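[1] sequence-free structure coming up:
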């Protein structure tokens, strides 16, 4: 074989081998890149799994808290229902008691007998217009009433009614009537030691006139306190 032929053969072989070597290197490089990406992706997946696990734990904690809150709310509703039931029962009992008290009070009132009545009015020189002070003449009449009770000792009860004329506001007149009745009550207690539980006061204001309010004398008669003694 001539030198020219050998040289040509070597050149041909070099050209054939060179591309093969280059292809293997490229493959190794690409495989390395892919492996690196796979490793990175694996790490990312692992981190995602860890976060999912943490989220699941948090969700579990929230579920437990929500369940506890729901139980607490149910217990609160049950307690509120029980309390409302107890309140309703107490209200019913109170109504029943009040009803019995009213019945007893009416029976006691019906059993009382009026002994006599004392009227203290302005036309008799007692209460002045717009005043609740107890005048001396009214005190004297109250003293006489107590003297009668002492000479005839009985288990008595005293009712005091306050009255006014129709001059002025109705609410003001009702208040003035009560002040006049309270003045008599205070005098009975402080001067004659009549027990307070034996005295009841009420104001009728301008509601129960005994004379027309269109005259001066009539208005004077309506400005009064009525003391009723009952056995």
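    Cool, got the structure. Keep in mind that what you see is a predicted model, and the values were worked out from it rather than measured. Numbering: from 1, shown residues only.

[2] contact partners for residue 132?
    176, 179-180, 182-183 (CB atoms under 8 Å, 6 or more residues apart in numbering). C-beta: built from backbone N, CA, C; applies to glycine.

[3] for it, give me the pLDDT.
    In this model, residue 132 is scored at 75, pLDDT.

[4] name the helix or strand for the closest residue in space to it that isn't next to it in sequence, please.
    Nearest-residue entry for residue 132: residue 179, 3.6 Å, with adjacent residues in sequence omitted and distances by CB to CB, 6 or more residues apart in numbering. Secondary structure assignment for residue 179, by DSSP states H and E: helix 170-192.

[5] sorry, back to before: how about JSON lines for the contacts of residue 132, with pLDDT, neighbour count and distance to residue 134 added?
    What follows is those, written out as JSON lines (pLDDT from 0 to 100; neighbours: other CB atoms under 10 Å; distance: CB to CB, whole Å):
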{"residue": "176", "pLDDT": "91", "neighbour count": "24", "distance to residue 134": "13"}
{"residue": "179", "pLDDT": "92", "neighbour count": "16", "distance to residue 134": "10"}
{"residue": "180", "pLDDT": "88", "neighbour count": "28", "distance to residue 134": "8"}
{"residue": "182", "pLDDT": "94", "neighbour count": "18", "distance to residue 134": "10"}
{"residue": "183", "pLDDT": "91", "neighbour count": "23", "distance to residue 134": "4"}
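
[6] out of the residues you listed, which is nearest to residue 168?
    Here the nearest of these to residue 168, counting by CB to CB, is residue 176; it sits at 8.2 Å.

[7] residues in contact with the closest residue to the closest one other than its chain neighbours?
    Excluding the flanking residues, the one nearest residue 176 by CB to CB, 6+ apart is residue 164, at 5.3 Å. Each residue near residue 164 by CB under 8 Å, 6+ apart is listed here: 173-174, 176-177, 180, 205-206, 222-223.

[8] what do you get for residue 211?
    Residue 211 neighbours (CB under 8 Å, 6+ apart): 217-219, 221-222.

[9] for the protein, which residues score under the pLDDT cut-off?
    Flagging of the chain using pLDDT under 70 yields the residue ranges 1-32, 34-35, 37-39, 41-42, 45, 48, 94-112, 123-128, 130, 153-154.
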